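Student: I would like the atomic coordinates for the input below:
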Amino acid sequence: MVFLDPTSDIAFKKLFGNQAKKEILISFLNSVLERNNAEKIVDVTITDPYNNPDTGWLKLSIVDVRCVDQQGRHLIVEVQVKYQDDYPQRVQHYMAHAIARQLGKAGRYREIMPVIFIGILEENLFKSSGYLSHHNIRNTETQEHALQHMDFYFIELPKFTKTLEQLNSVTDKWIYLLKNAEELDSVPKQLQTPVEIEEAMDELKQGNLSPKELGAYDVYLDARRVEQSVKETLIRRSKKEGIKEGIKEGKIEIARQLLDVLDIETIAKKTGLSIDEIKKLK
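Tutor: Below you'll find the model as predicted:
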C-alpha cells in the first residue's frame, strides 16, 4: 500500500480541503488548537473547497486551506515547503490582509472576527526545541491577552522525532501522519484511532487518485527531486566556488531540468535568469 506525501498540494487539499470530509479538518484543528468543551470547533465551512489539482510550479512552495468555524472565526492552515528568509514577515502580512478583507465598504471594526493561522513547516523556524508553538499578542507586564484577533500556531516537522510507540495524544498522531505517512506501507494500529485519523490515512492512499491527480502528483514528486538536487548543488559549489557563483550555478541547474517542462518565459521568471541565458542552455 502506497500513501501520498500529506504536504503535497493534492494530498493536503484531499485531507483538509474537502467539505464532504470536514470531520478530518475539524479533528486536526481541535487537536492542534487544544480546543475542548465550549471552545471546541464543531463545524467549519471550507472557503476554498478542493477542486481539480493545479500543477503549477508555485504549488511546490505554499499550499493552504481556509475555513470559517461555527463562531465565525477564520482559520488558515498552510504548508510551507521551501525555506524563506522572510517567512515570519510574510505570515504577519498575510494575517493582516485576512483581517482587513473582512470589512466591506460599510463594514464596522466591531464586526471583525479573529483569524487563526496554523503553519506546517518542513524547515525549523524558531530556536526553541518544541515542535508545536503558539504565538499571540500579550501585555508584557501582566500577560493579559486583550488583543485577541491574531493567533499563530507553528508545527516544525524536523523537531518532531517521536516514534509510533511514543504517540500519546491526538496532536502527536496528526503530526506523525503529516511527517511520516509517505514512508508507511500499512496503517499502524496507533493511527487507527480516532476515526478521523484512520479516514485521513484512507484519503492518502495513492490508489484513490484519479489519473489526472496521479499525473499532477508525479509532477510534484519530480519537482521535489529537482529542488533537492539543486540544494545539494548549491552547497557543493558554494564551498568550491564561493556563494555567489554557487547560487548562479544552482539557478542554471534548475533551468536545465525544467526546459522540457516549462516555457522559456516561465523558467526565466522562476529562476531569475535572463531569457537569453536560458535560450543558450536550450
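Student: Show me the domain layout of this protein.
Tutor: 9-208, 211-281 (automatic domain parsing).
Student: Including distance to residue 2, could the ones you listed go into JSON lines?
Tutor: Heads up, the C-betas are built off the backbone N, CA and C, glycines and all. What follows is those, written out as JSON lines (distance: least, C-beta to C-beta, whole Å):
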{"stretch": "domain 9-208", "distance to residue 2": "4"}
{"stretch": "domain 211-281", "distance to residue 2": "11"}
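Student: what comes up buried for stretch 216-229?
Tutor: 216, 217, 219, 220, 223, 226, 227 (16 or more other C-beta atoms under 10 Å).
Student: so who does the residue nearest to residue 271 when sequence neighbours are not counted touch?
Tutor: Of all residues not flanking residue 271 in the chain, residue 251 sits nearest, at 4.5 Å (C-beta to C-beta, 6 or more residues apart in numbering). Counting by C-beta atoms under 8 Å, 6 or more residues apart in numbering, residue 251 makes contact with 271, 272, 273.
Student: got JSON lines for those, with secondary structure and neighbour count too?
Tutor: JSON lines is the format used below for the contacts of residue 251 (DSSP: H, G, I helix; E, B strand; the rest coil; neighbours: other C-beta atoms under 10 Å):
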{"residue": "271", "secondary structure": "helix", "neighbour count": "20"}
{"residue": "272", "secondary structure": "coil", "neighbour count": "12"}
{"residue": "273", "secondary structure": "coil", "neighbour count": "19"}
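Student: if we take the residues you listed, which one ends up nearest to residue 87?
Tutor: Residue 87 has its nearest neighbour among the contacts of residue 251 in residue 272, at 19.2 Å by C-beta to C-beta.
Student: what's the pLDDT at that closest one?
Tutor: On pLDDT, residue 272 comes in at 76.
Student: With residue 233 instead?
Tutor: For residue 233, the model assigns a pLDDT of 68.
Student: State the pLDDT value of the residue lying closest to residue 83 once chain neighbours are set aside.
Tutor: Computed as C-beta to C-beta, 6+ apart, the closest residue to residue 83 that is not its neighbour in sequence is residue 123, at 4.4 Å. You'll see residue 123 listed with a pLDDT of 90.
Student: Same check on the one 5 residues further on?
Tutor: pLDDT for residue 128: 93.
Student: how deep is it tucked in, by neighbour count?
Tutor: 10 (other C-beta atoms under 10 Å).
Student: Could you number the chain from 32 rather than 1 from now on?
Tutor: With 32 as the first residue, the last one maps to residue 159.
Student: Tell me the buried residues in stretch 38-52?
Tutor: Neighbour count says stretch 38-52 has 38-49, 52 buried, by 16+ other C-beta under 10 Å.
Student: Farthest-apart pair in these, please.
Tutor: Top of the distance list for those (C-beta to C-beta): 38 and 52, 17.8 Å.
Student: contacting residues around the most centrally placed residue in the chain?
Tutor: For the chain, the residue nearest the mean C-alpha position is residue 110 (0.7 Å; C-alpha atoms, centre = their mean). By C-beta under 8 Å, 6+ apart, the contact list for residue 110 reads 38, 43, 93, 94, 95, 151, 153.
Student: Right, I'll call it a day here.
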